[in-house]
Each structure stands twice: as structure tokens, then as C-alpha cells.
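Visitor: Build me a structure from this.
(chains A, B, C and D)
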There are 4 protein chains.
Amino acid sequence: MRIGVLTGGGDCPGLNAVIRAVTKSLLLKCDATVIGFEEGFLGMIEGRSRELDLVALKGILARGGTILGTHNKANPFNHYLAGGADVSDQLVENYHRLKLDGVVVIGGDGTMSIAHRLSEKGVKCVGVPKTIDNDLMHTDRTFGFDTAVAVATEAVDRLQTTGESHSRVMILETMGRYAGWLALHSGLAGGADVILVPELPFDVEEVARVCRKRKKRQRFTMIVVAEGATMLDGEQVVRERIDDSPDPIRLGGVGNLLAEKLKPLVDSEIRTTILGHIQRGGTPTAFDRVLSTAFGAHAASLVAGGRWGRMVALQNGQMTSVEIAEVADQTRLVPVDSLLVHAAAAVGTSFGRADFEVDLSRMPQNRVI
Amino acid sequence: MRIGVLTGGGDCPGLNAVIRAVTKSLLLKCDATVIGFEEGFLGMIEGRSRELDLVALKGILARGGTILGTHNKANPFNHYLAGGADVSDQLVENYHRLKLDGVVVIGGDGTMSIAHRLSEKGVKCVGVPKTIDNDLMHTDRTFGFDTAVAVATEAVDRLQTTGESHSRVMILETMGRYAGWLALHSGLAGGADVILVPELPFDVEEVARVCRKRKKRQRFTMIVVAEGATMLDGEQVVRERIDDSPDPIRLGGVGNLLAEKLKPLVDSEIRTTILGHIQRGGTPTAFDRVLSTAFGAHAASLVAGGRWGRMVALQNGQMTSVEIAEVADQTRLVPVDSLLVHAAAAVGTSFGRADFEVDLSRMPQNRVI
Amino acid sequence: MRIGVLTGGGDCPGLNAVIRAVTKSLLLKCDATVIGFEEGFLGMIEGRSRELDLVALKGILARGGTILGTHNKANPFNHYLAGGADVSDQLVENYHRLKLDGVVVIGGDGTMSIAHRLSEKGVKCVGVPKTIDNDLMHTDRTFGFDTAVAVATEAVDRLQTTGESHSRVMILETMGRYAGWLALHSGLAGGADVILVPELPFDVEEVARVCRKRKKRQRFTMIVVAEGATMLDGEQVVRERIDDSPDPIRLGGVGNLLAEKLKPLVDSEIRTTILGHIQRGGTPTAFDRVLSTAFGAHAASLVAGGRWGRMVALQNGQMTSVEIAEVADQTRLVPVDSLLVHAAAAVGTSFGRADFEVDLSRMPQNRVI
Amino acid sequence: MRIGVLTGGGDCPGLNAVIRAVTKSLLLKCDATVIGFEEGFLGMIEGRSRELDLVALKGILARGGTILGTHNKANPFNHYLAGGADVSDQLVENYHRLKLDGVVVIGGDGTMSIAHRLSEKGVKCVGVPKTIDNDLMHTDRTFGFDTAVAVATEAVDRLQTTGESHSRVMILETMGRYAGWLALHSGLAGGADVILVPELPFDVEEVARVCRKRKKRQRFTMIVVAEGATMLDGEQVVRERIDDSPDPIRLGGVGNLLAEKLKPLVDSEIRTTILGHIQRGGTPTAFDRVLSTAFGAHAASLVAGGRWGRMVALQNGQMTSVEIAEVADQTRLVPVDSLLVHAAAAVGTSFGRADFEVDLSRMPQNRVI
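Guide: Numbers count the residues shown, from 1 in each chain, chains lettered A, B, ... in the order given. Next up is the predicted model:
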């Protein structure tokens, strides 16, 4: 059996752990030959690949990034290097030239959509879900998220002590363009006073009220805001700020905008930190290494069982799989009525909304992990 | 409303986070008075308690241990200080003297059994499950476990580099007297070559075979062994070693025994490390802080809803609760046919059993988290 | 004996460790009474202080920030709250009202200048040097610096893996408005390809040349740039960018400017991260805790010996002290001919200067720590 | 120019960083060919070596251990594999066969003695000092020590919270067979109540007195003891315990002995943790990566300058070098009258000696780093 493997989209801690698990499982238990494509679909288009043996996998379990490299814009059906041309036939040709029996594609919803269209052209695929934002449909968790939460939480911990020493308003902007999972988890873990997520557009005046109230009690304020959080009355402003920029990190988006808006409303110094790409890199947490290994081994199992067209998924704590087709381009948002949101509110966290209420006696019991 | 709170049994990262979440939720959303008992049931027996206000909770979210203190041997029905006498009436008296409406008990199966018997004497209880070993029935995860896994995994990472430099056989003994969760997760996360758990009694000769085979390929061997792992033909020996000792950490139990048995069978130097209490202490991971906060807020919710006699539980990734009575003194073992065990085997990990086989094409799909 | 203690200027990991060492030493070995002033000189002006006993010091050794609080703008000789008025007499009055025998002031050059002027008004002072940038004269090291280096290095480590996966140009902006110590140490520790420091104005074209050359060899480029780094031909531009802003972190200063200038000169994606206040906060490294304790105990020793007017200092690895007067408002820059700079160049690091040469056979042997 | 490089003795975090700096400097600035010997002198005896190019060095800066491997017992003048025979001629032969101009040996005092004897046989050597214990003469610091201190300090931090929760006596045994540097620094950094080092034989009764006194004040006790610490009246006992054992880690040496002796003297539970090899492995701290790079680049500079027979050294914070001959088999002990020891005592740390006094007003001002 000859199987290809590639990583697509933005990088993420745990990619190497998945590559290792997929490849080791296929090498050791199926006697397969595994071919790694360089820079995601780009390598499959341009025919850049190398065989992966045990030596190539040595020591990568704990290493961040992807030894195969990845590429954000390599869409074979709309290729940026070919002026948006459809070069998928070229990719399929390489697939056959290498006599592959199938490919394991590790990536996000974009990657899965491509995989779905490729399978319609005869390229057999098994998918492994990947998103630092944990916002992919049909899987409760994706690897890399726990690491991003750990990095963001350490940042909150550090900002807490400096904020307290200077009784300032500290703002940390985390990733999360569409979903607030990362801000919610790191805000909870770091004990933030205010957590702002895209799912709950916030009221700047309410955020300022919290800061002023705390200041009166000689307390500083720690705010964690998701990159995609928006204001009740200013959605466009923020989106603009973010989408105008070739690199959101450069402008800093909502974190700096929030500071700007808060400035006239509070009597404290304000400091903003944009975590940016630090959340994407580095060695994965133990949790993510275990999850990545489970995802990878299960993907290899789907391959071994000839269950093509399916994507590994974690549902209700169980490992399972879904049709790649199903994943489409959807986003899994934070349910505003989820226990974590209510738990945060119960311990006094503000979501920047005066109207957000919690009835402790009837809190929801749904999803936590 | 007046509510007591106590922590029982061995300490665990996240206890303070639970205390904080329970107390803050009750103070902020129920206007309750919260009384903390010192050293678990001992403080409740001896009437040692103090009121917990917001100031008392400042900065404890990220702190390890328990600000209330805990005690392993304080069983009111069999009190070690009173020569095993039943002093539960004294405890109940203190409960009434303080005019409590109920108590939130944070602890393991032992603590829950006591809570159950106390409720039969009119002491209203809500339970929060706690075990560093993650081996409590009816809940898929307990706080503290992720932190212990992180600590053990960092140890494996460090031992890997020194083992490789000297091409030695490195043995790391983790906690896990009855269940192998900690050894399995940290072994997987650290990429151990051999993982030995109580659920799969191991064959020393097979472990030695793995070491020799690797040595031939100029590879060292990393072994992670759970404190309670036993040999196919030597169960008693190990148990003795552990149970004889007033403090298992002192003798080192199975880690050193394994080294002793391997020595004549391999031609490499062997080094053993016993992680011991380091796994119990220190700041909890972000994951555990989130889980602890969710557990605590949910426990407060049960109190607010008057749902006494129930223990918070995480099932299939959902927050729910079960009858304290149900928890009894049972242990949740690692299912030998679980995906994680097979995933470990699939990537080449040995469980010290020549007879352990994996059919990649029909791997189980059950529990992962 | 009655001694006051305060922390001035920006906060820094290790402040609490110094407070602890000063206070414990004086309490235990001199039977002194120690009074802590809140928010630096502001508390001394407004008479806000509290007695520090052993309980107040519990658990602060490893905690970031300062339990006393600090203030950047509280200069008694030019008081921002009194429109720049000289309120030093008020401060002196509080000093006498509290019957103090002297004050231990922990802070940077600004704080030391104030201490010097106060001593001329009869306020006896002993100083402890503090600067996250490690740029204070007369002391080779200051606490907090090692922690900032550790935080920045972890960021470089994380950016390395994500930069490599996407073969991008990654820019990390560290603190260091006037001196490049932090960028130099974290760049060396993280294996940066380019390190830009204020002491060596850089040539953008040369930086771009390095990026292009590496790109040709399929290598990405990691750049660490100090907040105060300037361009050979553009010093003003950068200074402006920084000094215009009420908060340099907001604009991101040189990190983003560099990305802007590099963009047209390289054919790689560029990503910038501004570390900001994360470098100031959080638990100090073991190294900083030891240094802080040594500084604090030695300051207490100066007090006990009645050696007023002196500041603790570390010179050639030895603990000693200098006249506070001497410290004035000077900055200790990175010697361009120091071994660390040449060691960095020897292993291939570029300083953004085509003209920077290293003769390995005659490398300088000076300062390393 | 053709230069060999090898790592001898026990491994240590930073070895790879030194190998990288030595090799990169020689490759980039001297156009040299660099040959790495496998497993220290063993590879030089058996002629096992490989050329080191830039690719071989990729990503090793932050990796623990040594990519060349090392060996404790490979002494060419007394070779364990040849029944203690002198095989040095064989080594010299390989040296000439490879047409080497010299060798950079990275190791401890044992390695330096061998290097010295080899240079008398015409093998040109430059040395780089290495010892996890920081106890080598003529250099104030060695790489790896800061990392070991960091690891041990994290262990103390974790044990503090669990010790406090159970009000136990916690004992941590660190490395340090002959010198107490590691126990002193990690004890100081972790805020240990008792620090026991070989340089100050301790009195068990005094240690017990401290524990009892603290217990009375509801405080637990944290003890950090160096592997080689000895009792005033029991030196032999301890040495025996350690030297009898094929692997000190197995018996746990003084940590367990101390627990045994304390047990009847205190009324608290006692727990011992033996850190063992975790202190040797894993990624080096930023401090150690900088120091290793400085050491390596300076060693390359000595080679380039033809300054054979010298060992890199750090003296008074300055990089310099000494005659390899001088290093001999000496050990650098902790000066009992050093500032760090007195600083520890000043903040209330006990060294297990009733007779140890500190006069705060006349504390020594010597070495800190």
C-alpha cells in the first residue's frame, strides 16, 4: 500500500505528532510506503514529495510546526501561482504517477473542502481536522487548541501581576477570528475580569463600567478579547480594521481599537498585548500530543479499513469519523448558553453585556470539553 | 444561605480553583455565606473553620494545593485520633452549631463514601470528584490529572535526551496505584517505547527483549511504569514492596524492582526516576483550571438548586451529576480495548506483552478524553 | 530600628523577592520594624503605608509584580498630581512622622536620582537597582532581566517552528528602548538569524539581503529586534514612531516599521509579534529569585551597617555597593566589541550591517554575564 | 583546518549548544572541516566519527543531551572494555589517520585530565568545562547548571504546595555529590526552610528542631538536601549508602536516610523525592544557551588562534581561558562564608547547624554568580 500525507492551511502545534502517528501506524502495522508532500497541496501540485521512514519521524512528536511544511494559498482548484487557474488535473496526475492508494490530508475546513472535491476526481482521502481556533464542525476538539490556550493563559498570568502592580487596565488579544473558544478558555484559566468573544458583541460602555467599578475598589482589570470580537454598535469598524490589513497582527485589530475606545471612559492607564503567532508555534502540550497521536492512529485505521472519504472526529469524548463532505465551510461557535460561559459569569466574569444574566439554580449542563 | 466547603484526601492541582469557583458563585449569585473547614473532615470534627470572602480567594486560581488544607486519615466514622472511634455525631453537632444548609465536599471515593454516610445523618452534601489518578467511577475526567500528565511528560522529555546521550534504559515511575491512566497518557505524550500499567500485567522478559532489540539498532529505551504495574508472574512481590512501606516513594516500588529484574537481562545501564509528589503539587494547567472552575460553578449550581446528595461529573464531555451513593469505593480502570491503548500500540509502543496484538483495520473507536 | 521600603518605576519580576529578603533579614536579624509604602514615592508623599510582618511575605518569593504596588510618575520633586509642584517636604514630613531610621528604595536610575536628592534632605536611603532592560550603570546584572530573556526566548522558540512551517520572515520585537541586552540575549538563546539592537543602527537592505539569501536555500528567517533599534539612515523615523505614542506597545514601533520596509525587498510573507508587557510580568526565574534574594539581603546588610546613601551592585560576579549619587541618569549599553556580540556573529548571526566583521582568532574576551 | 570535537562524561543541558557554536564558528569563519567523535573518547578510540556540517546542527541549540553521544567510562589510559589497558596509542593513531589539527573536548575534570595527558602525546586540545554540579575549578559557572537549578526549583515550588496542604515535612534530594551549589541555589530560589550541603555537615537533631518549631506555628517544612550532604556524626553512613550502590538514584541516598533519621524526632508525615536524572536532561534555559554559545565560540577562537592546551573559563563574569593542566581533579566547593550562604541564613534558612550565625551588619560581599 502506498499512502500520501500532507498538511494544509495555517500551522498548529501537534501537526508533527499527527504525521508521526499516521506514518508509524501505516509503516509498522500495514507495511505501507508513506509519501509526504511538501507545503500541503502545493507539493502535490508541483510533485514535490519525499518518502517518510522511521528515521524521518525521530524526535518530531514534541516539535511544533510541520516537517512537511504547509501553505495557506495552495488551492488546486483556484491556484494563486497560476492566476487562479484550476490545476487539479496536474495534482491528480502526480497522485497517479506516484501510484498512491490514497492520501491523508491534515487541515481545516478549507483543506477538507478541497479534499472533498479531489475525491470526486478519484483521489481517495482520509481527513484529520486541524484548527487552532477549535471552531471546526463535527469535532468537539482539535489538536493545537490546548497548546494555544496554555500559551494565552501564561500570558494572562504574566499580565495579571504587572497589571496589579500598576493598577492598570490590561488587554490581551488572542486569536479567534470567528469563534471565541480561545479567549473563553484562556480567560477562564487566567481568571480574567472581562472576556470578549465574537458570539457576544460587547458594549464598550459596559466594559468601561466594570473597569471603573474595580478601580474604585483599588483593583486593576484584566480583559481577554478574541481577535474577532465586535462591538454591539460597531461591527463594521472592527471587521474593517482586521480585513483591511494584509496581516491582522500588524494593526492589532480589536485589541488596540478597544484601548482607543476605553481611554476616554476610564481613569486608568491601559496596556494592550497582541499575542499573535506565538499561539501557533512551539512544542504541543501533553494533552495535544495524546490527541494528535489518537487522531493520527485513527486516521491510519480508516486507511487500513479502506474507509475513504471520512474525517477523524472527536464527539462526546469518543473517537469517531464523519463524511468529509459534511464538514464543508462551517464554523463551530461558542454556544452562548453553554456551561463554560455560565460558569465564567457565575464566578463574576463580565462579557461586556449589561443584559447577560445567570440563574445559578438553573445553569445549563452541556458541553465542557 | 450558609454553606460549608472542605477538601479531603490527597491534595491535587485545581483544588483551590474549585474552592474559588464554588465560593465565588455562591457569594456573587446567591448572596450566601461560605464557611471553609480546615484539613477536610478533621476541621469539621474539631470545629475548625473560617468564613471565606472574596479577599480570601484572591490569586488562588493558579495556586496548587488547597488553602483549606486536607487530611488523609480524618474519617469521622473511624477516627485515627480517637483510636478508630465513631466521632460523626460530634461532626454533625458542629454542622448544626454553624447553622449550615449544606456542605460541598471535594475529594475522592473515600471522601464520597463518608459524604454519603453523613447525608444519612442529615448532613446535606454536594460532591466534587477529585483524584490525581483519574480513576474515579462515573466521571471521565477529574481536575489535577492533566497537570500530573504534564509534569510526568516533561520528565519523560528530559529523560529522553539524557537516555539517548548515554544509550541507557531509562525508567520513569509515575503515580497510579490501581489504574494506569497517568502512565498511559504521559507515556503516549512523551513517546515512551514501553508503557507498563496495572491493567496489563507485564512480562519482564518481553520488556528486556524490546530493550535488547533497540540497543542493537543503537537506540536507547524509555520506559514509563505506573506505580501499581505488576508482573505476570510476580504480582505479590510488587504489591508487597509498595504496601509494606509507610511511604511508597521511599522504597520506590516497582520502578526499582523493574530495574533490578531487567539488569541481568539487558546489556545497557539502567536508570530509574521516581517522580513522586512532584506530580501532585504546583500550579494547575490551563485545562485543569477550566475544568476546576466548571466543576466548582456546577457544584454551586446544584447547591442553589437544592439538588443535595449529588456529585458533579463529566460524562461524554458534558457536565452532569450523579448520586454520591453510586460512586462508592470503585476504581475506573483503563479499558485494555480503548483507542488510546491501541493507538499507543499502533505507533510501536510495547506494553510488555508478547501477546498484545493490534489490527489497525479494526481499531476500537471508544473513549479518548 | 524602623525602616521603610518602596518599589518605584515600572514593575519587574523579582521585586517581591527583594521586598521579602530585605524585610525578612531586618525582622529576623535586626528585630526591626519594616514599613512598606504603597505605589512607590506616591505612598510616601500621601502617607499611605502598612507594616510588613512575616505573614505579609508568605508565598511572595515566586510571585511576579510587587505587593506594594508601584508608580511611574510619582516624582516628589515634580509631582504630576500637583501640576509638577515640589512636594518633597510633604514626603520628608511623613518620613519623620513614621519615625523612620531610613528607607530601602528599589528602582531604576530615575528612582535613584530621587533617592539621592531625598538624602540631601535628610532622608537616609539604601538603593536596590531594578531595570528589566539590564541597562543600569555600575551593576552587571539586575533581577528581572533573566526572566524577560526567558520569556522572549520562549517566544523565539515558538516563532521558529511556525516560521519554518510557512517559510516566512518572522519578526519579534522585544523591550529595550535604549540598550539591546534583551534582544541580544534572547536572540542568541533562540538562535535568531538577525539581531537588531540600538547600539548598532541597521541597514534594511542588508537585513533584506539575509532574508533573500536564506529563502534561496529554502530557509526562513527569524529576526529579533529591540524596541529601540534604529536604521542607519532613519533614526528619527523610528524615534518618532515610538515617542509619538502614549504607549509604544500600541503602535508596535520598530517591529512593524521594519516589516513595512522589508515588504518590498523580500519575496516572503512577513509576520511581526510585539511581546510587550508579557516580558515584565509573571513568576521570576530561579536565577532572578536567587539574585533578588542576594540583593535584598545585602541591602538589609547595608542598613544594619548604617552604610546609607549606597546602592547594592553586582560587579564582576561579586556583590558590592556604590554611591547612589554615581548612578545618576546613565544607561549601560551593549559594548559592540563584547564577546557576546562577536560570539553571535561567529555563529552566523547578522546585525543588519554589511560592514560588521569578526576575526575569530582575535575575539574579545570581555564580559559575558 | 581539520578539527575534531567530542563530549565526555555525564550529559548536561547545553552540550548541543556548545557543539553547535564550536562547529558553526569553525565552519563559517575558518572554513574548517569539523569531525564529531561518537560517545566521547570511546569513538576516538574505536575510530567512530562523522563530519559535522550545517545541516547536522539544525535545531540542536535548544535540544538537551548531545547529538554525539557520550560515555562515562571511556578512559583511553585505563579502558574498561580492554580490562583497564592503555589504548591511548590507538586513539592517537585515529587522530593522525583523520589528519586532525586538534580536538575540542567538552567535559568535566576527568575529561580534562585525559585531554592533558593526550596533549603530552601530541594530541592538540582545547577544553570546554562541563559539570551539572558547577563544581569545576577555575570557572565560576558551567552551562547546564542554570537548567538543573530551574528544574530543581520547579520541583521545590510543586512540593511547597503539596507540603503546605498536608502540613508535612517535604524532602527534596538534588544532585551534588561533593558540592552543594545546586541545593543552595534551588533551595534559595524555592524558599526552602532547610538547605543541607556537603560543605556544612548537618545535625539531624537541629533539623528536627526546625521542623517541630514550624509545626507548632502550623507551618510545614521544606528541606532541600544535596546528594552528598553528610551528618556531623555520620559521614560514613551516608557515603556508604551512596557508594555501595551501582546507581545512587536507586537507593536514593541521603534523602531517604534523612527521612529515616527524622521520623522518630518529628510529629509530621515525611515525604522524600529524589529528582535524579531529570536534572540532567531536557532543553537548556535561555541563560545556559547563551553561556554555551559563548563558551563554544570562544573555544573556536582559541582553536583559530592556535592557543592549544587551554580550557575556556568564566572568571568574574569575564570570558577567559586557563591551562587545561591546572584544572586537574579538583572540586570547587561552596565557600561557607559566601554571600549566598549568608543571604540564605539572613532570610531565615537553616543549614541544620545550631552554631551557624549571621551578623547582618558585616555580611561578606563576595561571589554571587
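
Visitor: What's the per-residue pLDDT of the residue in the stretch 151-300 of chain A positioned nearest to chain D here?
Guide: Closest residue of the stretch 151-300 of chain A to chain D, CB to the nearest CB: A:T283 (8.7 Å). Yep, even glycine has a C-beta here, placed from its N, CA and C like the rest. Listed pLDDT for A:T283 reads 95.

Visitor: Kindly report the same for A:V368.
Guide: Looking at A:V368, its pLDDT reads 64.

Visitor: ditto for A:F143
Guide: A:F143 is assigned a predicted lDDT (pLDDT) of 96.

Visitor: does it really touch A:P284, like I thought?
Guide: Yes. Between A:F143 and A:P284 there is a contact under CB atoms under 8 Å: 6.9 Å.

Visitor: Counting neighbours around each, name which of the two comes out higher.
Guide: A:F143 (32 against 27; other CB atoms under 10 Å in any protein chain shown).

Visitor: Remind me which helix or strand that one belongs to.
Guide: Counting by DSSP states H and E, no helix or strand carries A:F143.

Visitor: Can you tell me the closest non-neighbouring residue to it?
Guide: A:G14 (3.5 Å; CB to CB, 6 or more residues apart in numbering or on different chains).

Visitor: shaky segments in the stretch 101-250 of chain A?
Guide: Scanning the stretch 101-250 of chain A for pLDDT under 70 picks out A:234-250.

Visitor: got the residues of it near chain C?
Guide: Counting by CB under 8 Å from any CB of the partner chain, the residues of the stretch 101-250 of chain A lying close to chain C are A:151, A:154-155, A:157-167, A:170, A:247, A:249-250.

Visitor: other SSEs contacting the lengthiest helix in chain A?
Guide: As assigned by DSSP state H, the longest helix anywhere in chain A is helix A:145-166. In this structure, helix A:145-166 packs against strand A:169-174, helix A:181-190, strand A:221-226, strand A:270-274, helix A:286-304, helix B:286-304, with contacts taken as 3 or more CB pairs under 8 Å, 6 or more residues apart in numbering or on different chains; DSSP states H and E.

Visitor: wait, isn't A:F287 in contact with A:D146?
Guide: Yes. Proximity of A:F287 to A:D146 meets the contact threshold set by CB under 8 Å, at 4.3 Å.

Visitor: tell me, what's touching the two both at once?
Guide: Common neighbours of A:F287 and A:D146 (criterion: CB atoms under 8 Å, 6 or more residues apart in numbering or on different chains): B:F287.

Visitor: So which bits of the stretch 151-300 of chain A are right by chain B?
Guide: A:152-153, A:157, A:185-186, A:188-191, A:285-287, A:289-291, A:293-294, A:296-298, A:300.

Visitor: show me where the stretch 251-369 of chain A has helices.
Guide: Per DSSP state H, counting those that start in this stretch, the stretch 251-369 of chain A has helices spanning A:253-262, A:286-304, A:324-327, A:339-346. These are given in chain order.

Visitor: was I right about the residue nearest to A:F143 contacting A:A286?
Guide: No. Taking contacts as CB under 8 Å, A:G14 lies outside contact range of A:A286: 11.1 Å.

Visitor: Compare those two and say which one has the larger neighbour count.
Guide: A:G14 (35 against 30).

Visitor: Look up how far A:H96 lies from the residue nearest to A:L98 when sequence neighbours are not counted.
Guide: Excluding the flanking residues, the one nearest A:L98 by CB to CB, 6+ apart is A:I35, at 5.9 Å. Counting by CB to CB, to the nearest Å, the separation of A:I35 from A:H96 is 13 Å.

Visitor: And A:A304, by the same measure?
Guide: Applying CB to CB to A:A304 and A:H96 gives a distance of 22 Å.

Visitor: More neighbours: which of those two?
Guide: Set A:A304 next to A:H96 and count neighbours by other CB under 10 Å: A:A304 wins out with 21 against 10.

Visitor: thought that one was touching A:K29?
Guide: Yes. Between A:A304 and A:K29 there is a contact under CB under 8 Å: 7.1 Å.

Visitor: So A:V347 sits against B:I19, correct?
Guide: No. Contact criterion CB under 8 Å: A:V347 and B:I19 do not qualify, at 11.5 Å.

Visitor: Mutual contacts of these two, please.
Guide: B:G296.

Visitor: Residue most distant from the centroid, chain A?
Guide: A:K216 (37.6 Å; CA atoms, centre = their mean).

Visitor: any residues in contact with both of A:A304 and A:K29?
Guide: Any residue near both A:A304 and A:K29 by CB under 8 Å, 6+ apart counts here, and that gives B:L360.

Visitor: circling back: not including adjacent chain positions, what is the nearest residue to the residue of the stretch 151-300 of chain A closest to chain D?
Guide: Nearest non-adjacent residue to A:T283, counting by CB to CB, 6+ apart: A:A62, 5.0 Å away.
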